[in-house]
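*Asks:* No letters, just coordinates:
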């Protein structure tokens, strides 16, 4: 599964929620598509979309099956939302969202580990991984990525000098 966003607010009195997403455009969500909401760490509960409308390219107002009251919607606020990888393959084939689980290898340091998560900052994507028992954030930018093998799920990078040392000292 791919983390696609977060529920940021309840909307109206009928249990709708506002979903912010990082897919990049507003035409990927479909009626009756399951969205998996992480209610507890590692617990992904499927909710099916009944109705939705794009507020903009980063937000949807979504009605979910079985969420019919504002109190139920409020319990979902702040929860991470995931979608099945295959549903977004054609939509975001070059998106770092698909790189979660890829093995990262640095030119100097060798294998760093698998990407646990990715996040979009104001200017760039960052990959989160565990390297030498430390959580590390590495930039996923043109200057650091040397190659991506989608079939083998591998990314080759050339990280700036000293970046990993900041995290592992």
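*Replies:* Structure's in. What do you need? Computed from a predicted structure; not experimentally measured.

*Asks:* can you tell me how far residue 146 sits from residue 44?
*Replies:* Plainly put, residue 146 is 33 Å away from residue 44 if you go by Cβ to Cβ, to the nearest Å. Every residue, glycine included, has its C-beta placed from N, CA and C.

*Asks:* Those two: which is more packed in?
*Replies:* residue 44 (15 against 12; other Cβ atoms under 10 Å).

*Asks:* if I pick the residue nearest to that one when sequence neighbours are not counted, what's in contact with it?
*Replies:* Of all residues not flanking residue 44 in the chain, residue 36 sits nearest, at 3.9 Å (Cβ to Cβ, 6 or more residues apart in numbering). Contact analysis of residue 36 by Cβ atoms under 8 Å, 6 or more residues apart in numbering lists 1, 44, 45, 46, 47, 81, 82, 83, 84.

*Asks:* tell me which of the residues you listed is nearest to residue 120?
*Replies:* residue 81 (14.5 Å; Cβ to Cβ).

*Asks:* Could you report the neighbour count for the closest one?
*Replies:* Residue 81: 24 neighbours (other Cβ under 10 Å).

*Asks:* after the lowest-mean-pLDDT helix or strand in the chain comes which helix or strand?
*Replies:* In the chain, no helix or strand scores lower on mean pLDDT, DSSP states H and E than helix 85-88, which sits at a mean of 67. For helix 85-88, the following helix or strand on the C-terminal side (DSSP states H and E) is strand 103-106.

*Asks:* elements contacting that next one?
*Replies:* Applying 3 or more Cβ pairs under 8 Å, 6 or more residues apart in numbering; DSSP states H and E, we find strand 103-106 packed against strand 110-120, strand 154-157.

*Asks:* contacts for that strand?
*Replies:* Identification of contacts with strand 103-106 by Cβ under 8 Å, 6+ apart yields 111-115, 127, 129, 138, 153-159, 164.

*Asks:* now with 6 Å?
*Replies:* 111, 112, 114, 154, 155, 156, 157, 159 (Cβ atoms under 6 Å, 6 or more residues apart in numbering).
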